[in-house]
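*Asks:* I would like to see how this sequence folds:
(one chain, ligands or ions: 1)
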Amino acid sequence: MTRHYPCCGLYLDLNRNMGDRMLTFVSYTGNKTADGHKIATFRCGCGTVQDFVASRVKNGYANFCKQCSTNIVAEKVKTHGMKYSAEYTTWSGIKNRCKNTTSKDYHRYGGSGILMCDEWANSFASFFAYLGKKPSSKHSVDRIDNNKGYEPGNVRWATPTEQAQNKKNTTYVTDGENVYRINEVAKLLNITRGAAHLRLKRGKLDGFTTHTRMES
Ligand SMILES: [Zn+2]
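*Replies:* From the prediction side, this is the model:
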C-alpha cells in the first residue's frame, strides 16, 4: 500500500517495512496544549510510547514516534536533497535569528530569549519531521505563544491572516496552569469574545486571569 506521507509530501511504501497504522491510541492524558488541543498517549509501531496532540495524529500530521519520524525524514532529506527547499530555507533562517549573534534580527529573537530548541537547531530532519511540508508559499512558521521559542507544541505553519490573529493584540489568559487565547476560552464558555473580555476585566471569567506576556 502506498500512502501519502504528510511530512515531506512524498510517497512512502509503508508495507515495505511498517504497518499501515503506526500510532495506536492508548489513552488521553487529561492535558491540553497552550491553544487548547487534547494531548493523548500513543504507541508507535516500534514500541515507543509517546504523548501527541491528538488532532495531529487524527489529521495525519503525526504518524510515528519522534525518533521514527526523524529517521524516516533524515533518509528522505538525504535522498531528495531538501537543502534547496522552502522548508530548509525557513529552518536556516530561524536558526540564524536565534543563534547567530551577528544576524541583524538576533536582538529580536535569540537576544530576547526566543530560542530554537537544541533538537531542531541540530537537525533539519527533526524540525521537518515535526512541522511537515509548507502548505503554500503564503505560509510561514508562526509561534503560537510569542513568549516561547521554536519548540515542539509552539509552532505551526500559518498564513499572514492566521498569524495576524496571533499577534500582540491577542489576549492570553491562564487558569494558573495552561495558557489559552481568550477567544478559545470564549468558545468553551459559549460566550462572545467581547463578553469574555468584559468578564476578564471584572475578574469573573470562570477563574481565568490575564496571562502577562513579555515584549517580543
Ligand atoms: Zn517509533
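
*Asks:* from here on, just use CA atoms for contacts and neighbour counts.
*Replies:* Fine.

*Asks:* quickly find the element holding Val185.
*Replies:* According to DSSP states H and E, Val185 maps onto helix 182-189.

*Asks:* nope, Phe25 is what I was after
*Replies:* With DSSP H and E as the test, Phe25 turns up in strand 23-32.

*Asks:* mind listing the strands that strand pairs with, and their directions?
*Replies:* As defined by DSSP bridges, the strand partners of strand 23-32 come to strand 38-44 (antiparallel).

*Asks:* is the helix or strand following the strand it pairs with in proximity to the ion?
*Replies:* Per DSSP H and E, strand 38-44 leads on to strand 49-53 as the next helix or strand towards the C-terminus. No - no part of strand 49-53 sits near the ion under the criterion C-alpha under 5 Å from the ion; the closest distance found is 8.2 Å.

*Asks:* and the next element down the chain from strand 49-53?
*Replies:* Remark: after strand 49-53, the chain's next helix or strand is helix 54-58, criterion DSSP H and E.

*Asks:* quick one: the strand holding Phe25 to chain centroid distance?
*Replies:* 17 Å (C-alpha atoms, centre = their mean, to the nearest Å).

*Asks:* what's the spacing between Phe208 and Leu131?
*Replies:* Using C-alpha to C-alpha, to the nearest Å, Phe208 is found at 30 Å from Leu131.

*Asks:* now do the helix holding Val185, average pLDDT.
*Replies:* Average pLDDT, helix 182-189: 83.

*Asks:* what is the end-to-end distance of stretch 184-198?
*Replies:* Start-to-end span of stretch 184-198 (C-alpha to C-alpha) is 15 Å.

*Asks:* ok, now stretch 159-176?
*Replies:* Stretch 159-176: ends 30 Å apart by C-alpha to C-alpha.

*Asks:* give me the residues contacting that stretch.
*Replies:* 138-140, 142, 144, 146, 179-182, 207-212 (C-alpha atoms under 8 Å, 6 or more residues apart in numbering).

*Asks:* quick one: buried residues of that stretch?
*Replies:* Thr159, Gln163, Asn166, Thr171, Tyr172, Val173, Thr174 (16 or more other C-alpha atoms under 10 Å).

*Asks:* and if you look at stretch 29-45?
*Replies:* Lys32, Ala34, Asp35, Gly36, Lys38, Ile39, Ala40, Thr41, Phe42, Arg43, Cys44, Gly45.

*Asks:* any idea how far the spatially closest residue to the fourth one that is not a sequence neighbour is from the ion?
*Replies:* Nearest in space to Gly36, with sequence neighbours left out and distances taken as C-alpha to C-alpha, 6 or more residues apart in numbering, is Tyr180 at 6.5 Å. As for Tyr180, its distance to the ion is 30 Å (criterion: C-alpha to the ion, to the nearest Å).

*Asks:* pretty sure Tyr180 is touching Asp35, no?
*Replies:* Yes - counting by C-alpha atoms under 8 Å, Tyr180 does reach Asp35; the two are 5.3 Å apart.

*Asks:* joint contacts of those two?
*Replies:* With C-alpha under 8 Å, 6+ apart, Tyr180 and Asp35 have no common neighbours.

*Asks:* Ser27: neighbour count?
*Replies:* 13 (other C-alpha atoms under 10 Å).

*Asks:* my bad, Thr101
*Replies:* So Thr101, with other C-alpha under 10 Å, has 14 neighbours.

*Asks:* now do the contacts for it.
*Replies:* Taking C-alpha under 8 Å, 6+ apart as the contact definition, Thr101 lies against His107, Gly110, Gly111.
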